[in-house]
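> Sharing a model prediction with you, sequence too.
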Amino acid sequence: MSITTSTAADAANLHPLKVDPTTGEVYLQLPAPYEHIVLTLQRESDAPVLMQHFNDPRIYMNLPGTPYPYTEEHARWWLEQITPPAQAVLADLRAGKQYVGSIPVCAIRDTRTSDGHVAGAKIIGDIGISRFVWNDLHDTELAKRLAEENAAKEVGDPSIVWAMGCADWMDPAYHGQGIMTAVIRTLIHDWAVPRMNVKHINVSAFLG
């Protein structure tokens with residue numbers, strides 16, 4: 001099936017993701033009053049914006065392991081790493097899989113930057129969910145064993161422990177508007193629970 005083709009069956013398999021009828025791009029839309037905020041896959045055109053934000057101390061000081069200065073090469077490498085897994089999740093969804101192992105749409109965008117259209121909407125942040133690796137434990141051997149056991153569990157296993165928060169970011173111009181809270185709520189209730197069978201989440205955040 002072409003990525004630009006959307007049938008009734010395809011729409012049901014992708015739910016709650018929507019499909020832009022013009023571009024075929026999938027997205028998750030937040031409910032009111034944040035309906036102008038959508039989550040999509042990352043785009044190659046995001047690289048300059050990533051460079052801008054990841055060289056901002058208000059962002060990179062609160063992200064673990066982010067290189068500084070953040071170059072175009074870093075941005076391109078990151079986009080190349082995350083795009084194939086996201087496409088694989090979409091393929092699983094379109095194949096009718098009940099549960100998948102992650103969320104493919106992690107780029108937070110504001111459609112007000114593109115006259116209400118998903119296409120061209122500027123990236124203003126990023127969010128994700130991944131399997132927890134117990135990096136908060138001082139006992140490294142125990143952490144390694146727990147992480148390996150967690151990673152070995154089948155997709156959809158309700159005993160999987162998930163992680164959120166440590167690498168999420170948002171454009172400082174959008175801080176204090178409740179957007180990230182709404183994004184997290186939507187991701188958990190509309191995606192993680194029904195499409196990943198998530199039951200346990202370990203949340204972390206930097207003080208600042």
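Perfect, I can see it now.
> Report all helices and strands that the longest helix anywhere in the chain contacts.
If you go by DSSP state H, the chain has its longest helix at helix 72-94. Judged by 3 or more CB pairs under 8 Å, 6 or more residues apart in numbering; DSSP states H and E, helix 72-94 is in contact with helix 8-14, helix 47-54. All C-beta spots, glycine's among them, are computed from the backbone N, C-alpha and C.
> Name the residues of the shortest one that come out as buried.
Buried residues in helix 8-14, defined by neighbour count with 16 or more other CB atoms under 10 Å: 10, 13-14.
> Out of the helices and strands packed on helix 72-94, which gets nearest to I188?
Proximity to I188 (CB to CB) singles out helix 8-14 among the helices and strands packed on helix 72-94, at 18.4 Å.
> Check what contacts that closest one and list those residues.
The contact list for helix 8-14 (CB atoms under 8 Å, 6 or more residues apart in numbering) reads 1, 19, 26, 90, 93-96.
> least confident pick among those?
The member of the contacts of helix 8-14 with the lowest pLDDT is M1, at 35.
> so which one among the buried residues of helix 8-14 has the lowest pLDDT?
Among the buried residues of helix 8-14, D10 has the weakest pLDDT, 90.
> do you know how far that one is from E25?
14 Å (CB to CB, to the nearest Å).
> Identify the contacts common to these two.
V19.
> that older thread, just the buried positions in the longest helix of the chain, please.
For helix 72-94, burial by neighbour count (16+ other CB under 10 Å) applies to 74-75, 78-79, 82, 86, 89-90, 92-94.
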